[in-house]
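Q: Would you be able to build a 3D model of this:
(chains A, B, C and D)
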There are 2 protein chains.
Amino acid sequence: MVRKKKRARGGAERVNYGPLAQWIGFNLRMAQESTFQAFSHLSKEIGETPGRFATLTLIGRNPGISQTAVSRASGRDKSSLTPVLEDLVRRRLVARKRTDHDRRTYRLSLTADGKQALARLNKCAKRHERNLDRIIGMRDRRKFLEILKKIAAEIG
Amino acid sequence: MVRKKKRARGGAERVNYGPLAQWIGFNLRMAQESTFQAFSHLSKEIGETPGRFATLTLIGRNPGISQTAVSRASGRDKSSLTPVLEDLVRRRLVARKRTDHDRRTYRLSLTADGKQALARLNKCAKRHERNLDRIIGMRDRRKFLEILKKIAAEIG
DNA sequence: GTTCGATCGTTTGATATCCAACAATTGTAC
DNA sequence: GTACAATTGTTGGATATCAAACGATCGAAC
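A: Okay, the predicted model is just below:
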């Protein structure tokens, strides 16, 4: 009996990826996107995306940091942070103060609520990272991380 | 002589990344974003983003493929492809034909112009991948790629 | 044949991101 | 001190993405 093509339900056809299959860029993108989605689902109840999580972490670790510094550290344009911070401030997770000696910049810090939200997010992140560790394998983790950092630092 | 803080021009303050520094998710994002930017700049004259490049490659390798199949293979929602294909068709890089036996789906294929554009993009991609190879090192490349694929396949 | 669930591509509405240009402010050089 | 260049955060315009809902169509079960 010849195999009947079995393509009906859910239609998972075999696709020829061509050179994409071997390209770091493409596979980096696929891995990043899946990872992003997975974290989003884990933290869905808390309702905060990975980007906002990075923002909160950076502010928590660097009280008084400016928006521009956060944007540089998280690899996003400063204008991307305007709506994000507007929202975080509105929801009282982040406090924004002007300084006397430089009235252009804001000094950002976490409120008590912000710290609490960050703590909850950290729990999700730990679970998420454990999943990733399981996939990568502890033996290769260090090297993998090192290469990711090297790419981010040197490709520019 | 005490170090003078030297923070003036370009202001590159030292930032505390906290746990972010060790998280795969965050570093994956940073690496992917830099890589995306680097490719965009390389292919600026051609004026095509990495996402569109993947789309063209998949169509070129799988003539007659449907939009949904392209979206699945490139890890994007099918609705993301609507405006992209609209544009590619308008610029006569991609041809879209309806089929007789299933009038829901389109059959996508590259036009001559599309093939030419893809060829030019492939040159950029080769250069781009060479840069990445230089950073990663050929000794670790295979393993690195394998882990990226594993993450994309298993994290869901 | 008819009915009902599944699939295809689109629409709609929401975020996230970039870039370029801007006003306010600062710092430096003269 | 004044003039000019740099920096900060915002605005405006563009693209890319997702998710949910939709109409059209198909296929399978009855």
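Q: hey, let's count contacts and neighbours off CA atoms from now on
A: Noted.
Q: All the helices of chain A, residue numbers only.
A: Secondary structure of chain A (DSSP state H): helices located at A:24-42, A:50-61, A:67-73, A:78-90, A:112-136, A:138-154.
Q: ok, residue A:124 - contacts?
A: Residue A:124 makes contacts with A:39, A:42-43, as judged by C-alpha atoms under 8 Å, 6 or more residues apart in numbering or on different chains.
Q: circling back: format the helices of chain A as JSON lines; extra columns: mean pLDDT.
A: Converted to JSON lines, the helices of chain A look like this (pLDDT from 0 to 100):
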{"stretch": "helix A:24-42", "mean pLDDT": "93"}
{"stretch": "helix A:50-61", "mean pLDDT": "95"}
{"stretch": "helix A:67-73", "mean pLDDT": "96"}
{"stretch": "helix A:78-90", "mean pLDDT": "96"}
{"stretch": "helix A:112-136", "mean pLDDT": "94"}
{"stretch": "helix A:138-154", "mean pLDDT": "95"}
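Q: Of those, which is nearest residue B:69?
A: Proximity to residue B:69 (C-alpha to C-alpha) singles out helix A:24-42 among the helices of chain A, at 15.4 Å.
Q: Buried residues of that closest one, list them for me.
A: Of the residues in helix A:24-42, those buried by neighbour count under the rule 16 or more other C-alpha atoms under 10 Å in any protein chain shown are A:24-36, A:38-42.
Q: same deal with stretch A:130-137?
A: Neighbour-count burial for stretch A:130-137 [16+ other C-alpha under 10 Å]: A:131-133, A:135-136.
Q: swap in stretch A:47-57?
A: Neighbour counts over stretch A:47-57 (16+ other C-alpha under 10 Å) mark A:48-57 as buried.
Q: What separation do you get for the closest residue to residue A:43 other than its chain neighbours and residue A:49?
A: Residue nearest to residue A:43 in three dimensions, not counting chain neighbours: residue A:124, with 6.1 Å by C-alpha to C-alpha, 6 or more residues apart in numbering or on different chains. Plainly put, residue A:124 is 11 Å away from residue A:49 if you go by C-alpha to C-alpha, to the nearest Å.
Q: list residues touching both of those two?
A: If you check residue A:124 and residue A:49 against C-alpha under 8 Å, 6+ apart, the residues they both contact are A:39, A:43.
Q: can I get the contacts of residue A:124 in CSV with distance to DNA strand D?
A: Converted to CSV, these look like this (distance: C-alpha to the nearest atom of the strand, whole Å):
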residue, distance to DNA strand D
A:39, 11
A:42, 12
A:43, 13
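Q: nearest to residue B:62, of those?
A: Looking at these and their distance to residue B:62, the nearest is residue A:39, at 32.0 Å (C-alpha to C-alpha).
Q: give the contact list for residue A:61.
A: B:16-18.
Q: Need the buried ones from those residues selected in ChimeraX.
A: Applying 16+ other C-alpha under 10 Å to those leaves a buried subset, and the ChimeraX line that selects it is:
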select /B:17
